[in-house]
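Participant: quick one: sequence plus predicted model below, questions after.
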Amino acid sequence: MSGRKALLRQYRERKVEAGIYAVRCAVTGEAWIGATPDLSTRQSGIWFSLGHGAHREASLQTAWKTHGPDAFVFDALEVVDIEGLDRFGRDSRLKARRSHWIAALNGKGLM
């Protein structure tokens, strides 16, 4: 099997974990909290949109532009078990846990 095919197979077979994450600014102490069906890929998507000035959360984009990428960290806060749930159940559970973490960290919500 070629290297490319092996990598694609590994990607398809990986265990996907849904969860709650925080993007934190070390300079200001601000935290933006989000939920995702795949924690392993979320950071790269956020960093990509921020790097291109296209993130839809204006306060996060402004902080990124002001303080630079080295001031930010991505933290997986909680893995959420969504196995066996339909789409509504998954969305509801992730939304509830996201709300919990926003309150616990006095953070801002990310979509």
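Facilitator: That came in fine, so what should we check first?

Participant: distance between the ends of stretch 6-19?
Facilitator: For stretch 6-19, the first-to-last residue distance is 27 Å (C-alpha to C-alpha, to the nearest Å).

Participant: likewise stretch 50-69?
Facilitator: End residues of stretch 50-69 are separated by 9 Å (C-alpha to C-alpha).

Participant: residues near residue 30, how many?
Facilitator: By the criterion of other C-beta atoms under 10 Å, residue 30 has 19 neighbours. (C-beta placed from N, C-alpha, C; glycine too.)

Participant: same check on residue 71?
Facilitator: By the criterion of other C-beta under 10 Å, residue 71 has 14 neighbours.

Participant: now residue 17: phi and psi?
Facilitator: Backbone geometry at residue 17, expressed as degrees, to the nearest 10, gives phi -120, psi 120.

Participant: and whatever helix or strand residue 88 lives in, average pLDDT?
Facilitator: If you go by DSSP states H and E, residue 88 is part of helix 87-105. Regarding helix 87-105, the rounded mean pLDDT is 96.

Participant: now do stretch 6-20
Facilitator: Stretch 6-20 carries an average pLDDT of 81.

Participant: what distance separates it from the centre of its chain?
Facilitator: A distance of 16 Å separates the centroid of the chain from that of stretch 6-20, by C-alpha atoms, centre = their mean, to the nearest Å.

Participant: same deal with stretch 31-49?
Facilitator: 2 Å.

Participant: and if you look at stretch 25-40?
Facilitator: Stretch 25-40 sits 6 Å away from the centroid of its parent chain (C-alpha atoms, centre = their mean).
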